[in-house]
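Enquirer: Got a predicted structure plus its sequence, pasted below:
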Amino acid sequence: MLLPLPEVEERTVTRRKLVIPLATAVALSMGATIAVCKGSAGVMLGAHVGRQYDPTWQADFEALERAIGRKLAIDNDQEDWAVMPNTSRINWDIRNRRMPMISWTVSNHKSDPAAGCATADAILTGSYDRQFEKQAAAVKAFGAPILVRFNYEMTGNEAAGCFTGFEVRENPSLAGSKYVSVWKHVVDKFRAAGASNAKWVWAPGHKAYETGEWRLFYPGNAYVDWVAVDDYNKSDTARSFAADPGINAFYRTASGMGKPLMIAETGAVSDPTQNPDPQTLWLTTARIYLKTHPAIKAFVWWNNPGKLSREDPEYGGSGYVLQGPGLAAFRAMANDPYFQQ
């Protein structure tokens with residue numbers, strides 16, 4: 001658990017007769033939390049709340065925290081390629097002793113949606129180096145650990161084809177080579193700028209672990225701080241998280257890599273007409289699974305409507321938004337001591 005800031009300051013004054021600035025105290029506290037998560041039992045619990053660019057994100061995030069009766073440990077925020085980092089949001093997270101996670105896509109910012117995305121070739125030729133230098137300096141200035149989930153779901157999301165210049169499935173080997181080169185280029189730029197507080201989260205979708213394709217895209221342990229997966233129950237059928245092929249393939253693959261593991265995105269459809277509804281079963285089985293798979297150190301819910309495989313026009317649910325018995329299951333997880341790192 002993160003120490004409350006008044007306790008950090010009081011101990012500092014009493015024991016060392018020094019006054020540490022508030023931002024430094026937060027950074028020390030958050031850094032200690034990362035160390036605890038790597039070496040001890042327990043899971044950091046987090047969420048992505050609302051749609052991208054949602055002006056009510058802060059109120060919605062706080063509403064979820066009130067609903068579960070505690071502050072979350074991770075705030076997963078999608079951020080624009082060109083304008084990352086969102087300084088106000090990250091500072092808000094740090095003040096509230098959350099770990100900010102920047103889910104940094106290769107698509108350009110919302111003011112110019114027709115511009116497509118940043119391509120691997122353009123990145124590697126240095127077209128964005130000045131941008132990286134500014135972004136790295138901004139991340140460094142926070143003085144606290146920032147999770148950076150760069151170009152996630154690289155083997156299957158809609159932006160992957162734009163990034164590589166072709167559909168990944170047409171030539172996975174070449175796509176993987178481009179991806180690894182870009183990842184190393186970006187990380188090297190941040191390290192050269194002294195932004196050692198950026199903690200790099202590598203997060204393909206679950207199918208990459210099931211097929212073994214992840215190997216083509218992994219940049220190596222020296223360039224990765226967390227190994228993660230994105231996996232959902234997108235169907236209208238209740239399914240067990242513990243029996244999910246993607247989750248189990250992820251754990252079999254990644255648990256021996258010497259890195260803390262993260263469920264970086266997950267969700268399930270809420271349908272209280274079923275007993276149990278898909279969201280509740282996904283969460284209750286996840287709670288059990290995580291306790292018996294200790295390499296997993298973080299679990300982050302995707303709390304917005306999302307895109308569902310169900311296309312029934314009469315379906316009145318709201319996607320992955322926690323509600324009803326599903327919200328109760330998430331609340332129970334949040335108040336389980338194992339999930340209060």
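Expert: That came through, no problem. Numbers count the residues shown, from 1 in each chain.

Enquirer: what sits up against the longest strand anywhere in the chain?
Expert: Looking across the chain with DSSP state E, the single longest strand is strand 296-303. Here strand 296-303 makes contact (Cβ atoms under 8 Å, 6 or more residues apart in numbering) with 37-38, 42-50, 64, 73-74, 76, 101, 226, 228, 232, 251, 260-267, 286, 290, 320-322, 330, 333, 339, 341. Quick note: C-beta positions are derived from backbone N, CA and C, even for glycine.

Enquirer: ok, now with 6 Å
Expert: Residues outside strand 296-303 that contact it (Cβ atoms under 6 Å, 6 or more residues apart in numbering): 37, 43-49, 74, 76, 260-265, 267, 290, 320-322.

Enquirer: What of stretch 180-189?
Expert: Contacts of stretch 180-189 (Cβ under 6 Å, 6+ apart): Ala120, Ile123, Leu124, Phe132, Trp200, Pro219, Tyr223.

Enquirer: tell me, how many neighbours does the first one end up with?
Expert: Other residues near Ala120 number 24, with proximity taken as other Cβ atoms under 10 Å.

Enquirer: Okay, it and Ile102: tell me how far apart.
Expert: Ala120 is 20 Å from Ile102, where distance means Cβ to Cβ, to the nearest Å.

Enquirer: In stretch 154-170, which residues are buried?
Expert: Met154, Thr155, Gly156, Asn157, Ala159, Ala160, Gly161, Cys162, Phe163, Thr164, Val168 (16 or more other Cβ atoms under 10 Å).

Enquirer: What of stretch 120-129?
Expert: So, applying 16+ other Cβ under 10 Å, buried residues of stretch 120-129: Ala120, Ile123, Tyr128.

Enquirer: Ok, stretch 126-145 next?
Expert: Buried residues in stretch 126-145 (16+ other Cβ under 10 Å): Tyr128, Gln131, Phe132, Gln135, Ala136, Ala138, Val139, Lys140, Phe142, Gly143, Ala144, Pro145.

Enquirer: Please narrow those residues to those residing in helices.
Expert: Secondary structure from DSSP state H places Gln131, Phe132, Gln135, Ala136, Ala138, Val139, Lys140, Phe142 of the buried residues of stretch 126-145 in helices.

Enquirer: Give me the nearest residue to the third one, chain neighbours excluded.
Expert: Pointing back at Gln135 there. Nearest residue to Gln135 in three dimensions, chain neighbours excluded: Met84, at 5.7 Å (Cβ to Cβ, 6 or more residues apart in numbering).

Enquirer: and Ile102, what helix or strand is that in?
Expert: strand 99-104 (DSSP states H and E).

Enquirer: Summarise which helices and strands that strand is packed against.
Expert: If contacts are counted by 3 or more Cβ pairs under 6 Å, 6 or more residues apart in numbering; DSSP states H and E, strand 99-104 sits against strand 74-79, strand 146-150.

Enquirer: what about the helix ranked longest in the chain, average pLDDT?
Expert: Longest among the helix segments of the chain by residue count, using DSSP H, is helix 172-192. The average pLDDT for helix 172-192 rounds to 97.

Enquirer: Hey, what's the angle from that helix to strand 146-150? Just curious.
Expert: Inter-element angle recorded for helix 172-192 and strand 146-150: 150 degrees (by axes from the mean of the first three to the mean of the last three Cα atoms, to 10 degrees).

Enquirer: So for helix 172-192, what gets flagged as buried?
Expert: Neighbour-count burial for helix 172-192 [16+ other Cβ under 10 Å]: 172, 175-176, 178-180, 182-183, 185-187, 189-190.
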